[in-house]
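> Quick one: sequence and predicted model below, then my questions.
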Amino acid sequence: MRKLILSMLLVGLSAFAANAQQEFAHIELPMNRAEDLVTLADDDGNVVIYFYQKGELNFAMLSPDGKQIARHQIPYRFSDEPQLLGTRVTDDEFVFYSRYVNGRREYLRPFAINRRTGAFRSIQDVQIDVERNMNFVGGFGDKEHFYMLYTDKDGNMHLYRDSDENVAHLEHKVFTSDQMPRTRERYARESDMIYVHPDMQHNVFTGYHRSKIYSRGDKIHMIFDGFYLKGKDSDETTTEILTLDWNSGQTQYRTLPAIDQHNAPSFNSFLYNNTLFRVNLEKDQFKLTAYDFATLKPIKEYKYSGDEEIAIKSSPVYQRGARALFSPDNTVIEKTSKVMKNLASGVPAITVDTFADSTLQLTIGSYSAPEERRSFDQDRNRLVRTPDRYVQTSRGLMMIPGRWVPAYNIPSYYLNSPYYSRYFYDPYNQGSTQPAGPGISTYFRAVLDADNLTKVNSGTDKEQLALQDKVESYEQELKPEPELKTVYRYGNKLHYGYYDRRSKTFKIVEFAHGQQPPQEEKPQ
């Protein structure tokens, strides 16, 4: 019996050490049904938490040691929820950019928080000069500028950028794309586009998008993977790179070697610094190639086939979201024969990140979007869940869980309405065509040496466990599952913030390499 208790204690201690973390902040925030949640950190260590709720803008600003400097609860001057497109950290302020559309007129609505005092500032709206037949693609902000991207009927790219003197004044330039072939489906590239923010949460949801935007100084790189092009066969699908040079006003179009894909996307890419990583996932083949982004020449390749073990893995293959009602949503795929098949079951995804100078942490896998359910069982005793809302913010995906209630507690005109039914998860009577749930994520981590891109083996002194794995392990241990959560970078650390409904507080936990578990005080 003593041996059993001792072994259980050692297992618990080892798990605690592996998931060592430190609490960064513990503050009271009036969160209930937030519509959006964004966190933003500057180089000095200040953090701003923003969420929109019940028609009000809510801000809290924290100091580098996690103390609350200021908090604001400001009635939004318009009835519509702000469409938050991006953020920036200027010399003096945290700036949040919102877009408003009124008929054919479009406006930019910035608001800001002072980095030193926490004071709120509402900035005057600016009307955007948008011509007819222009399609809005998205907005994003980097360290230097905020951008808004549009396309027109001729496929040209219209880029708006704030000036160096005024965060609310937009300059406009048009970039032609004559060299880039048209896709078979109109707006195929534009409809799936996401900006790769340096603080982006690195998971397969953010990595599965096949159209990505990267900003490098005054150049904007758009990278498209696996789109079928007019006049070309499926064996000519490839990775396309379109570069917009703001200073010269010129565009450049380049491609990687073509890949033959059948019916569904089979490859995706991710740009990290000057290296472009491309992963190709088939049911019987795995291939990862790293290219020099300047020359597009391959510099490293990993290739496995059949039932061969994917030796590049530094973690097991996880699968999340593939669950039945009330069953766990996190499993490990152990059989080698099933690994490639499961990895190729969705849209390929890859992200690359680093928290030290010596290693790169890759997340590789696939993502399957939630399916539409169309069965029509009218059992009024069935359980219906108020919405699990998955809100994509400038920092990644944020979830607002609902709760399970009998269907008879919800008026039928809500469940059957094309408008209100989207607010409910009704697995046996999906009253609308809106997908429900988070989808299925299948993935593993790989830790590579940043210099030569070789796998970091367990026998070395370099860090093996990816920080994102530590965050996910910590999250799974939380009971109940957090209702509001966000993950953001904080220097070479990761911060995981979540709303604890029991204590009605917002907690931020810090994860870092080499971090030791906090020492507990001995009882007197």
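It's in. Numbering: from 1, shown residues only.
> Pull the number of nearby residues for S345.
Here the number of neighbours of S345 (other CB atoms under 10 Å) works out to 18. From N, CA and C alone the C-beta is placed, and that goes for glycine too.
> likewise G155?
17.
> can you check the one 5 residues further on too?
Other residues near Y160 come to 20 when the count uses other CB under 10 Å.
> tell me which residues form a beta bridge with it?
M148, H172 (DSSP bridges).
> what do you get for F267?
In this structure, F267 bridges to N280 when assessed by DSSP bridges.
> So for it, what's the pLDDT?
Confidence per residue is given as pLDDT, and for F267 that number is 96.
> all helices for the stretch 301-450 of the chain, in order.
Taking DSSP state H, counting those that start in this stretch as the test, the helices found in the stretch 301-450 of the chain are 336-343, 412-415.
> mind listing what's buried in the longest one?
Neighbour counts over helix 336-343 (16 or more other CB atoms under 10 Å) mark 339-340, 342-343 as buried.
> Report all helices and strands that it contacts.
strand 275-282, strand 285-292, strand 317-320, strand 359-368, strand 440-449 (3 or more CB pairs under 8 Å, 6 or more residues apart in numbering; DSSP states H and E).
> Which one, of those, ends up nearest to V509?
Ranking the helices and strands packed on helix 336-343 by their distance to V509 (criterion: CB to CB) puts strand 359-368 first, at 18.7 Å.
> quick one, the closest one and helix 336-343 angle?
Here strand 359-368 points in a direction 70 degrees away from that of helix 336-343 (axes from the mean of the first three to the mean of the last three CA atoms, to 10 degrees).
> Which secondary structure elements does strand 359-368 sit against?
Using 3+ CB pairs under 8 Å, 6+ apart as the contact criterion, the elements in contact with strand 359-368 are helix 204-207, strand 275-282, helix 336-343, strand 347-353, strand 440-449, helix 467-477.
> P257: which of these is closest?
The closest approach between P257 and any of the helices and strands packed on strand 359-368, judged by CB to CB, belongs to strand 275-282 at 9.4 Å.
> In terms of secondary structure, what does the closest one contact?
strand 267-272, strand 285-292, helix 336-343, strand 347-353, strand 359-368.
> What are the contacting residues of the second one?
Right, strand 285-292. 256, 274-280, 297-305, 310, 312, 340, 343, 350, 364, 453 (CB atoms under 8 Å, 6 or more residues apart in numbering).
> from the middle of its chain, how far away would stretch 226-241 be?
With CA atoms, centre = their mean, to the nearest Å as the basis, the distance from the averaged C-alpha position of stretch 226-241 to the chain average is 26 Å.
> what's the first-to-last distance across it?
Separation of the first and last residues of stretch 226-241 by CA to CA, to the nearest Å is 12 Å.
> what's the average pLDDT for that stretch?
Per-residue pLDDT values across stretch 226-241 average out to 89.
> And it, what's buried?
Of the residues in stretch 226-241, those with enough neighbours to count as buried (16+ other CB under 10 Å) are 226-227, 229, 237-241.
> what do you get for stretch 164-175?
167-168, 170, 175.
> Mind listing what's buried along stretch 269-287?
Residues 269-272, 275-282, 286-287 are the ones in stretch 269-287 that count as buried (16+ other CB under 10 Å).
> what about D260, neighbour count?
By the other CB under 10 Å criterion, the neighbourhood of D260 contains 10 residues.
> got the contact list for the nearest residue to it once chain neighbours are set aside?
Sequence neighbours aside, D235 is the residue nearest to D260 in space, at 3.7 Å (criterion: CB to CB, 6 or more residues apart in numbering). Residues counted as contacts of D235 (CB under 8 Å, 6+ apart) are 258-260.
> before we move on, what SS does D235 have?
Secondary structure assignment for D235 (DSSP: H, G, I helix; E, B strand; the rest coil): helix.
> Show me the strands in the stretch 401-524 of the chain, by range?
In the stretch 401-524 of the chain, the segments counted as strands under DSSP state E, counting those that start in this stretch are 404-406, 440-449, 485-490, 493-500, 505-511.
> between those, which one is nearest to G217?
With distances scored as CB to CB, the stretch of the strands of the stretch 401-524 of the chain nearest to G217 is strand 485-490 (19.9 Å).
> residues in contact with the closest one?
Strand 485-490 is contacted by residues 24, 37-41, 45, 47, 198-199, 201, 393, 395-396, 398-399, 471, 475, 494-499, 510 when judged by CB under 8 Å, 6+ apart.
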